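Engineer: here is the input, now give the coordinates:
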Amino acid sequence: YRRRSRYINYKMKELNKIKYWIFDLDNTLYSATTNVFGKIDKKMCEFIMENLKVPRDQALKIKNEYFHNHGTTLNGLMKKHDIDAHHFLEFVHDIDYDFLKENPKLNQQIKKLPGEKIIFTNGSKKHAKRVIERLGIESNFEKIFDIVDCDFIPKPEVEPYQKLVKKFNIECEKSIFFEDIARNLEPAYNMSMKTAWIESNDPYCKKGFDGNHINYTVKNLTDFLKQTNESIGK
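Structural biologist: Purely as a prediction, here's the structure:
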């Protein structure tokens, strides 16, 4: 146990040089158990029913099929049906955020991290701002890179990562990216970023979690950042 503890501390020491802390948003900065995405999923189905004039079961099938084949449901709808992306984003993120609770411990640990903190999401800026306000962590994030900044090309396509790096002048070798979908970490790893997978039991999120492109597996983000801050402080 002592040997393993020494190894973990040594591994955490690698994070001393990190200057850019990049976080996915949904199911990363808050737990998937809050089911925010479930609410958004429901709104996506409603949008497809209304705009494609299909029944609910077919809308659900389209939503899932486009998500798996095109990276996001929106990307599929844009390619197949010429849907107005801004209208879609406004509609699906019109949800009640009240069940997201403040997380002062997470706020404290993010605040302690040295360097820049950036959100990189396949969602919209408006959605990201609502989420971080509800969590009480908004003062940490001046920079949000959303699906509009990506020209609606979703992770894990490489272009959004390149655009993110260029926009904020990020040094990849001094960066770490936190994300709950394992395959979305691969482009970051290939660009020389450290990667941290937020552990998930969801089959889609898990796919590829045991690959070499995962540097850290994170059970609890707050605990991991606490351990990181303690290691950096030594």
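
Engineer: which residues does the top helix by length along the chain contact?
Structural biologist: If you go by DSSP state H, the chain has its longest helix at helix 36-52. With contacts defined as CB atoms under 8 Å, 6 or more residues apart in numbering, helix 36-52 is touched by 26-27, 30, 54-56, 59-60, 62-63, 73, 77, 81, 83, 88, 91-97, 100, 131. All C-beta atoms are positioned from the backbone trio N, CA, C, and that covers glycine.

Engineer: what segments of the chain are helices?
Structural biologist: Going by DSSP H, the chain shows helices at 2-13, 36-52, 56-70, 73-81, 85-92, 104-112, 125-135, 158-167, 186-190, 203-206, 221-233.

Engineer: CSV for the ones you listed, including mean pLDDT?
Structural biologist: Formatted as CSV, the helices of the chain follow (pLDDT from 0 to 100):
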stretch, mean pLDDT
helix 2-13, 54
helix 36-52, 93
helix 56-70, 94
helix 73-81, 94
helix 85-92, 95
helix 104-112, 98
helix 125-135, 96
helix 158-167, 98
helix 186-190, 98
helix 203-206, 91
helix 221-233, 92
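
Engineer: ok, the residue lying closest to residue 76 once chain neighbours are set aside to residue 121 distance?
Structural biologist: Counting by CB to CB, 6 or more residues apart in numbering, residue 76 lies nearest to residue 66, which is 2.5 Å off, once chain neighbours are set aside. With distances taken as CB to CB, to the nearest Å, residue 66 is found 18 Å from residue 121.

Engineer: what's the span of stretch 188-201, first residue to last?
Structural biologist: 22 Å (CA to CA, to the nearest Å).

Engineer: give the contact list for the residue nearest to the spatial centre of the chain.
Structural biologist: Residue closest to the average C-alpha location in the chain (CA atoms, centre = their mean): residue 24, at 2.0 Å. Neighbouring residues of residue 24 by CB under 8 Å, 6+ apart: 119, 120, 121, 155, 177, 178, 179, 180, 181, 184, 198.

Engineer: residue 66 and residue 121: which has the busier surroundings?
Structural biologist: residue 121 (25 against 22; other CB atoms under 10 Å).

Engineer: does that one touch residue 131 like I think?
Structural biologist: No: with contacts counted by CB atoms under 8 Å, residue 121 stays clear of residue 131, the gap being 9.0 Å.

Engineer: count of residues packed around residue 208?
Structural biologist: Number of residues near residue 208 (other CB under 10 Å) recorded here: 17.

Engineer: scratch that, residue 60 is what I was asking about
Structural biologist: Using other CB under 10 Å, residue 60 is surrounded by 17 other residues.

Engineer: chain neighbours aside, what residue packs nearest to it?
Structural biologist: Beyond its immediate neighbours in the sequence, the residue positioned closest to residue 60 (CB to CB, 6+ apart) is residue 45, lying 5.5 Å away.

Engineer: against residue 77, how distant is that neighbour?
Structural biologist: Taking CB to CB, one finds residue 45 at 12 Å from residue 77.

Engineer: again, but for residue 13
Structural biologist: Note on residue 13: its distance to residue 77, by CB to CB, is 45 Å.

Engineer: neighbour count winner among those two?
Structural biologist: Between residue 13 and residue 77, counting by other CB under 10 Å, residue 77 is the more crowded of the two (23 against 13).

Engineer: hmm, the residue nearest to residue 76 is touching residue 80, no?
Structural biologist: Yes: between residue 66 and residue 80 there is a contact under CB under 8 Å: 7.3 Å.
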